[in-house]
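Chemist: below are the sequence and a predicted model; questions follow.
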Amino acid sequence: MKGELYGTQADNWSLGVILFTLLGGYLPFDASTSRALYRKIRNGEYEFKKVFWKDTSNEAKNLIERLLTVDPKKRITTEQALKHKWILKNSEKLEKKDLGVNLEEFKKFNAKRKFRAAVKAVRKNNLKIE
């Protein structure tokens, strides 16, 4: 977004967005306009909403925070991420976790995404007809 070269640190940012979305059930960056969305992304403005994150470990949130660090020079590297406490943690507790509220939010997110795609397709079709 800043016109800088794309590297593995950009991939790590993307991993942070994906991990946030999978564990939280919603995107870390959301706004009503593109301008506001880009501002939030550039500033790293996201929130762990208590209702969705109350049962998520501090280690998981720490990994996400380190992946979503705005300055790529300060962002966690792939090697560091693979050695992070949360990655190395025993997964038995995580496997038993109830993700009900998060899954419901993720379903809403997915429905919105599909709806937006459908609206876009209809608009595109209408432009061709005119």
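Modeler: Yep, it's here.

Chemist: for the residue nearest the centre of the chain, helix, strand, or coil?
Modeler: Centroid check for the chain by Cα atoms, centre = their mean gives residue 17 as the closest residue, at 2.6 Å. Counting by DSSP: H, G, I helix; E, B strand; the rest coil, the backbone at residue 17 sits in helix.

Chemist: in this structure, where is pLDDT below threshold?
Modeler: Across the chain, the ranges flagged by pLDDT under 70 are 1-5, 93-102, 105-106, 109-117, 119-120, 123, 127-130.

Chemist: identify the residue spatially nearest to residue 59, adjacent ones excluded.
Modeler: For residue 59, the nearest residue in space outside its immediate sequence neighbours is residue 86; the separation is 3.8 Å by Cβ to Cβ, 6 or more residues apart in numbering. Using the backbone N, CA and C atoms, a C-beta is placed for each residue, glycine as well.

Chemist: who touches the one you found in this structure?
Modeler: 57, 59, 60, 62, 63 (Cβ atoms under 8 Å, 6 or more residues apart in numbering).

Chemist: and it, what element?
Modeler: Taking DSSP states H and E as the criterion, residue 86 maps to helix 85-88.

Chemist: can you check residue 40 too?
Modeler: In the assignment (DSSP H and E), residue 40 maps to helix 34-43.

Chemist: name the helices or strands packed onto the helix or strand that that helix is followed by?
Modeler: Where DSSP H and E defines the elements, the next helix or strand beyond helix 34-43 is helix 50-53. Packing partners of helix 50-53 (3 or more Cβ pairs under 8 Å, 6 or more residues apart in numbering; DSSP states H and E): helix 8-24, helix 100-129.
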